[in-house]
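Chemist: Mind looking at a prediction? Sequence and model below.
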Amino acid sequence: MSEMKNIPQHIAIIMDGNGRWARLRGKERSEGHFAGMEALQKTVYNAADIGVKWLTVYAFSTENWGRPQAEVDGLMELVCTGVEMHTPELKKQGVSVKIIGDKSRFSQKVSDALARIEGHTAGGERMTLVLALNYSSRSEIQTAMQELARRAKAGEIEPEEIDEKMISSSLYTAEMPDPDLIIRTSGEYRLSNFLMWQASYAEFYFTDVLWPDFNREELEKAIEAFSARDRRYGLVK
Ligand code: FPP
């Protein structure tokens, strides 16, 4: 515990390994995702308890639509049941939920569930849980570039005015601090189209643990590793 000297303000997690966790137990992939949801629930409250202010999780990428239809349907159903099951406790615990990603592709049922969880938890000040759903960094940047180009064409801004701050505030993550620590589980070492702009100065932590097995001890290990890092932001000490 004492090694967690420096608590990251914003942790982002690539929750990977649900499928392998299920296969190792002779279970269906959907059961792996359900176990992943339970790991997420515990991680949210553990992070809030430790003092993390922002927790962003990669729950569904734009590429995930290419998975077998039954798996996609199962994940969408999990979003809806997750909202039903967890909204009251999130509200009670002071955790507000924000969605990042292109919301236009979801069914009405999923869109309603997402609006419900964002609405009911709004104002929670202990921590913000950011769910990246139908998210990819490249499409986020593409959308932001289109918007800036539209504004330039309309004469609202000059192209020379476009600076890093303006780009940051055109992304889904406008108003959010950049992640300090990015965790990826399951022994994969990739960013997979996640927060590429925002990750410029993030520290990375990789673990072989499969997402459904991620627990408080693993979260503390990641924060301890982060605490031992020397962040120089391109400068010298
Ligand atoms: C990656 O594991 C995980 C996902 C694509 C989905 C993440 C979803 C959850 C943790 C469930 C809870 C969250 C919501 C809001 C739906 P994988 O399936 O790629 O695992 P594998 O690489 O072992 O096959």
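Modeler: Nice, I can see it.
Chemist: Now the residue sitting nearest the centre point of the chain: closest residue in space, sequence neighbours ignored.
Modeler: Central residue check for the chain by Cα atoms, centre = their mean: the C-alpha nearest the mean position is that of V57, 2.2 Å away. Counting by Cβ to Cβ, 6 or more residues apart in numbering, V57 lies nearest to I13, which is 5.0 Å off, once chain neighbours are set aside. Glycine gets a C-beta too; all of them are placed from N, C-alpha and C.
Chemist: just to revisit the earlier point, the residue nearest to the centre of the chain bridge partners, please.
Modeler: Applying DSSP bridges to V57 gives these bridge partners: I13, L131.
Chemist: For it, which residues are in contact?
Modeler: A12, I13, M15, L40, T43, L129, V130, L131, A132 (Cβ atoms under 8 Å, 6 or more residues apart in numbering).
Chemist: Please repeat the previous calculation with a cut-off of 7 Å.
Modeler: I13, M15, L40, L131, A132 (Cβ atoms under 7 Å, 6 or more residues apart in numbering).
Chemist: Select, from these, the two members most distant in space.
Modeler: The most widely separated members of those, counting by Cβ to Cβ, are L40 and A132 (12.1 Å).
Chemist: how about the strands in the protein?
Modeler: Ranges of strands within the chain are 10-14, 54-61, 95-100, 127-135, 181-184, 203-206, based on DSSP state E.
Chemist: Which one, of these, ends up nearest to the ligand?
Modeler: strand 54-61 (3.9 Å; Cβ to the nearest ligand atom).
Chemist: List, one by one, the residues from the protein near the ligand.
Modeler: Contacts of the chain with the ligand, taken as Cβ under 6 Å from any ligand atom, map to 15-20, 33, 36-37, 40, 59, 64, 75, 78-79, 82, 131, 186, 211.
Chemist: again, 8 Å this time
Modeler: Proximity of the chain to the ligand is confined to 14-23, 29, 32-34, 36-37, 39-40, 57-61, 64, 67, 71, 75, 78-79, 82, 131, 133, 186, 188, 210-212 under the rule Cβ under 8 Å from any ligand atom.
Chemist: Are any of those buried, and if so which?
Modeler: If you count burial by 16 or more other Cβ atoms under 10 Å, the buried members of the residues of the chain next to the ligand come out as 14-22, 29, 32-34, 36-37, 39-40, 57-61, 64, 67, 75, 78-79, 82, 131, 133, 186, 210-212.
Chemist: Identify the residue of this protein closest to the ligand, quick one.
Modeler: In the chain, the residue that lies nearest the ligand is G19 (2.3 Å; Cβ to the nearest ligand atom).
Chemist: wait, what's in contact with that residue?
Modeler: G19 is in contact with R29, G32, counting by Cβ under 7 Å, 6+ apart.
Chemist: roughly how far apart are it and H10?
Modeler: 27 Å (Cβ to Cβ, to the nearest Å).
Chemist: Check D16 too.
Modeler: Looking at D16 against H10, where the rule is Cβ to Cβ, the gap reads 19 Å.
Chemist: Also H86?
Modeler: Computed as Cβ to Cβ, the H86 to H10 distance reads 21 Å.
Chemist: Please apply the same query to G26.
Modeler: 37 Å.
Chemist: okay, the two: which has more neighbours?
Modeler: Relative neighbour count places H10 above the other of G26 and H10, with 21 against 7, counting by other Cβ atoms under 10 Å.
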